[in-house]
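K.L.:
Give me the fold of what follows.
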Amino acid sequence: MKLLEDRIRRDGRILGTEVLKVDSFLNHQIDPELMAAIGKEFARLFADKKIDKILTVESSGIAPAVFTGLSLHVPVVFARKNKSLTLPDDVWTADVYSFTKEITNHIMIDHRFLVAGESILLIDDFLANGQAIEGLLSITQQAEAEVVGVGIVIEKTFQKGRQLLDGLGVEVESLARITSFDEGKVSFLS
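P.N.:
Have a look, this model is predicted:
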């Protein structure tokens, strides 16, 4: 997606050799026009799939997931990272390690919002090591729902996430596929 790649080149900030900060438009401050374009692109890419719901992990996956849900006319459910007083005890759960925060989150989804037989599209902001998507896959398996695809805003192809998902036979569509951060510049897969 050229619009996204151009925005990453212009506003993304590289930290070290493995981290890309996109907090000015994706995961701190959000550009709604860009998110609308991302949602429409995911809707186009998965137009041939029957999708009942979209799942993501709070918080950075919410914006692209909501705009995708808007384009597909389906609800969006996000896995919570913290149990609140209002969240019931009957939840689907998985542990997800965060590469950038170096912590393990115990994510959860209320049983009422994910049921057996539903067709699910997973959406997330980044695919690096595949931990968040792996956690969502675990939750959908527990619920006996079917994952029909995975939409990733930004994929870092030099990390193992894609290989993990390919090994599971999951269809993955990434809007921007980064091959490296050489000499402070982002290189994309052509």
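K.L.:
quick one: the helices in the protein?
P.N.:
With DSSP state H as the criterion, the chain has helices at 2-11, 32-45, 62-72, 131-143, 161-167.
K.L.:
Run through the residues that contact the closest residue to residue 49 other than its chain neighbours.
P.N.:
Spatial nearest neighbour of residue 49, excluding adjacent residues (CB to CB, 6 or more residues apart in numbering): residue 148 at 4.5 Å. (Glycine included, C-beta is placed from N, CA and C.) By CB atoms under 8 Å, 6 or more residues apart in numbering, the residues touching residue 148 are 46, 49, 50, 51, 119, 120, 121, 171.
K.L.:
7 Å - rerun?
P.N.:
Residues near residue 148 by CB atoms under 7 Å, 6 or more residues apart in numbering: 49, 50, 51, 119, 120, 121.
K.L.:
Give me the subset of those residues lying in strands.
P.N.:
Judged by DSSP state E, the contacts of residue 148 include 119, 120, 121 as members of strands.
K.L.:
So which of these wins on neighbours?
P.N.:
Counting neighbours by other CB atoms under 10 Å, residue 121 leads the ones in strands among the contacts of residue 148 with 29 neighbours.
K.L.:
separation between that one and residue 60?
P.N.:
Between residue 121 and residue 60 the distance is 17 Å, computed by CB to CB, to the nearest Å.
K.L.:
ditto for residue 167
P.N.:
25 Å.
K.L.:
The two: who's more crowded?
P.N.:
Ranked by neighbour count (other CB under 10 Å), residue 167 and residue 60 place residue 60 first, with 21 against 10.
K.L.:
Count the neighbours of residue 81 for me.
P.N.:
15.
K.L.:
so it makes contact with residue 108?
P.N.:
No - under the criterion of CB atoms under 7 Å, residue 81 is not in contact with residue 108, lying 8.3 Å apart.
K.L.:
mind listing what the spatially most central residue of the chain touches?
P.N.:
For the chain, residue 124 is the residue whose C-alpha lies nearest the centre (CA atoms, centre = their mean; 0.7 Å). Taking CB under 7 Å, 6+ apart, we find residue 124 in contact with 56, 57, 61, 132, 133, 152.
K.L.:
show me the contacts for the second one.
P.N.:
Contacts for residue 57 (CB under 7 Å, 6+ apart) come out as 78, 79, 96, 107, 124, 132, 136.
K.L.:
now the first one: how far from residue 2?
P.N.:
Right, the one you point to is residue 78. When residue 78 is compared with residue 2 (using CB to CB), they lie 28 Å apart.
K.L.:
Cool, thanks, signing off.
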